[in-house]
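# Based on what follows, work out the 3D shape:
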Amino acid sequence: MTHSFARTRRPALVSIALVAALGLAGCASNASPAAEQTTPAPTTVTVTDNHGEIEVPVAPERVVALDNTTFQTLSDWDIDLVAAPKPLMYDLWPNLSGGEDVLDVGLHREPDLEAVIAAQPDLIVGGYRFRDIYDDLTAIQPATIETSPRDGEEQIAELKRQVEILGQVFDREEDAAALADALDQAVADAKGAYNGTDTVVGLITSGGKIAFAAPGEGRGVGAVFPTLGLVPGIDRGAENASHGDDISVEAIAAANPEWLIVLDRDAMFGEDGYVAAKELVEGSEALKNVPAVQKGQVVYLDPSFYLDEGIQAYTQLYSDIATAFAAAE
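Residues are numbered from 1 along each chain as shown. Next comes the predicted model:
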């Protein structure tokens with residue numbers, strides 16, 4: 001009886017379904033084109049970071065950021081953090097580090113992993129100074145990305161790759177493209193302003209001493225040499241690419257460079273006994289007759305550069321170099 005009932009009732013059910021379908025079609029025909037085309041926003045995205053492909057949430061709500069090369073971007077994009085290495089930030093990014101609700105992970109030398117756990121992150125932006133604890137971070141939250149520029153890769157491409165990945169994750173791809181374009185323009189301006197023959201020496205100052213930044217290797221400063229095709233006044237490899245190599249002021253003077261590009265590692269710290277890079281370089285008796293000093297052709301990196309080192313910091317550096325080169329023409 002049950003099967004007979006189902007068969008005898010089917011035409012009526014089909015009729016009801018047809019009427020309902022026509023009704024829905026009528027509603028759809030009256031709907032706006034925008035409503036027809038609306039699709040749910042993706043909740044995850046697959047990106048390729050320094051370790052390969054990884055699926056992460058789009059616009060995550062609870063973000064732990066440890067990589068200082070991303071801080072300016074995250075700050076500009078108004079990304080709220082639940083934990084960060086506050087001692088590494090000083091007062092540069094108060095919207096990222098301010099408030100007791102942002103837990104302090106501490107410095108990379110002794111990171112507080114308990115703070116990362118307590119923050120319950122949906123995403124961890126690791127890397128750079130914190131790259132040694134990558135495995136610890138992925139154990140806490142598998143959605144951990146590292147995007148900082150990789151050793152041995154072309155730096156400008158790496159800086160742009162970093163913000164492109166962040167743009168995918170935080171749904172800010174147009175903003176990421178604008179940052180990449182600004183860097184390209186600053187590099188192009190610096191290349192165009194360089195005469196192609198002036199010799200350049202890169203220096204790093206810290207602890208009242210001057211160190212040599214090797215072309216292509218020295219921290220921050222060294223990277224500009226291959227990018228701009230600068231002629232090195234001193235052409236030798238680096239022993240310590242991060243902090244610079246020992247060099248005497250007499251050796252710098254003997255090189256007689258037309259330009260000096262100088263990173264002051266201590267500029268943001270304000271420690272007792274601090275001596276500014278400008279005083280060390282331009283106040284040196286041995287360097288007073290060097291063309292770079294005589295002509296005022298010394299480019300000092302922004303004081304925040306050592307703590308930042310992101311795409312905006314490099315864009316500013318190349319813009320400053322372009323301005324200095326152009327003024328000397």
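# Residue 257 reaches residue 291, doesn't it?
Yes. The criterion here is Cβ atoms under 8 Å, and residue 257 meets it with residue 291 at 6.9 Å. C-beta: built from backbone N, CA, C; applies to glycine.
# So between these two, which is more surrounded?
residue 257 (25 against 15; other Cβ atoms under 10 Å).
# Now do the phi/psi pair for residue 321.
Main-chain torsions, residue 321, degrees, to the nearest 10: phi -70, psi -40.
# now swap in residue 114 and tell me
Per degrees, to the nearest 10, the backbone of residue 114 is at phi -60, psi -30.
# Repeat that for residue 235.
Torsion angles, degrees, to the nearest 10, at residue 235: phi -110, psi 90.
# number of nearby residues for the nearest residue to it once chain neighbours are set aside?
In space, and not counting its chain neighbours, residue 235 is closest to residue 215: 6.4 Å by Cβ to Cβ, 6 or more residues apart in numbering. Residue 215 is flanked by 24 other residues according to other Cβ under 10 Å.
# In terms of helix, strand or coil, where does residue 324 fall?
helix (DSSP: H, G, I helix; E, B strand; the rest coil).
# Can you give me the separation between it and residue 290?
Per Cβ to Cβ, to the nearest Å, residue 324 is found 16 Å from residue 290.
# Name the residue in those two with the higher neighbour count.
residue 290 (26 against 19).
# OK, contacts around the more buried one?
Contact partners of residue 290, counting by Cβ atoms under 8 Å, 6 or more residues apart in numbering, are 252, 253, 256, 257, 260.
# swap in residue 111?
Neighbours of residue 111 in contact, by Cβ under 8 Å, 6+ apart: 66, 85, 105, 130, 133.
# check contacts around the last one.
Looking back up the chat, that one is residue 133. 108, 111, 113, 126.
# Surely the last one touches residue 63?
What that stands for is residue 126. No. In this structure, residue 126 is not within contact of residue 63 by Cβ under 8 Å, at 11.5 Å.
# quick one: which of those two has more around it?
residue 126 (28 against 23).
# That one bridge partners, please.
Beta-bridge pairing of residue 126 under DSSP bridges involves residue 146.
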